[in-house]
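> A structural model of the following input is requested.
(4 chains)
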Number of protein chains: 2
Amino acid sequence: MTEMLKGTLEGIVLAILATQPAYGYEITAQLRAQGFDDIAEGTVYALLVRIERNGTVDVVKVPSEKGPPRKVYSLNPQGREQLEEFWRTWGFVAERLEKLRRGGWQ
Amino acid sequence: MTEMLKGTLEGIVLAILATQPAYGYEITAQLRAQGFDDIAEGTVYALLVRIERNGTVDVVKVPSEKGPPRKVYSLNPQGREQLEEFWRTWGFVAERLEKLRRGGWQ
DNA sequence: CTCTACTACTTAGCGCTACTATGTACTTGT
DNA sequence: ACAAGTACATAGTAGCGCTAAGTAGTAGAG
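Okay, the predicted model is just below:
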């Protein structure tokens, strides 16, 4: 599982951010709610730091009613491009995997 | 792409071996034929060494008409179990990815 | 008969990403 | 005062695919 998430998790987070801006704690909660129970908070935060450094997301700090201020991330144009590239790559792999599952290649 | 193959490539190779025994050079050729052009020979051989060490495949050395002897790998029962586990994991991820692609979670 | 190309396998070192573990900081309820 | 929930940060580790370079066998071109 862990190995399979490599590269995919980043795409998942970009896809989440494509529907609406979100902050780390929230993203982690969404992942957990979808069954990705084992994803640690640290993993998500580190990923967010990375994609921020990559310039695919914009960040604004928003005060929270409960707890420290939130860092709300949103996809920028470069991020949308990267997301499309992700979907292309994933589509390519998924297509071939499905074919393999239903009877193999040759 | 590279990152997305992590964990997946092993499953792909197990799936290939599930249809019929094969040797490294042959597996590399099949991957290339399916569009995985960038996968280096070394990657496949290293993977085969790993899954052999894990005990999921059996190996026999078979003389070749042209070139050095082939190491023909075949899935053993433990390998079939691992393959099923791979399909379960992949199914889990693929399901959620598809859902994300068609409109998102929430 | 040497040279190239194809077949076939091996392995040391690298980079990237997710995980582990731990820490900080703010708010609310007991 | 203390626990629990909210929210973020980060140093160190492990695993896997890639790079690069090598060995070895066969066949055909020149």
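> For the rest of this, base every contact and every neighbour count on C-alpha atoms.
Fine.
> Next up, the contacts around the closest residue to residue A:63 other than its chain neighbours.
On the basis of Cα to Cα, 6 or more residues apart in numbering or on different chains, the spatially nearest residue to residue A:63 that is not a chain neighbour turns out to be residue A:69, at 4.3 Å. Contact analysis of residue A:69 by Cα atoms under 8 Å, 6 or more residues apart in numbering or on different chains lists A:61, A:62, A:63.
> Which residues of chain A lie near DNA strand D?
Residues of chain A lying near DNA strand D by Cα under 7 Å from any atom of the strand: A:3, A:23-26, A:41-43, A:45-46, A:49, A:64-72.
> Now do the helices in chain A.
Assigned by DSSP state H, chain A shows helices spanning A:2-5, A:8-19, A:24-33, A:41-54, A:77-101.
> list the buried ones in the fourth one?
By neighbour count on 16 or more other Cα atoms under 10 Å in any protein chain shown, the buried set for helix A:41-54 is A:44, A:47, A:48, A:51, A:52.
> from what I can see the third one touches residue A:22, true?
No: under the criterion of Cα atoms under 8 Å, residue A:48 makes no contact with residue A:22, lying 10.8 Å away.
> now the helices of chain A as TSV including mean pLDDT?
Listed next are these as TSV, based on pLDDT from 0 to 100:
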stretch	mean pLDDT
helix A:2-5	96
helix A:8-19	97
helix A:24-33	96
helix A:41-54	96
helix A:77-101	96
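> deepest of these, which one?
Most buried of the helices of chain A, by mean neighbour count (mean count of other Cα atoms under 10 Å in any protein chain shown): helix A:8-19, with a mean of 21.
> and DNA strand C, which of the residues of chain A next to DNA strand D reach it?
Of those, the ones that also sit near DNA strand C (Cα under 7 Å from any atom of the strand) are A:3, A:41, A:42, A:43, A:46, A:65, A:66, A:67, A:68.
> What separation is there between the fifth one and chain B?
Pointing back at residue A:46 there. 16 Å (Cα to the nearest Cα, to the nearest Å).
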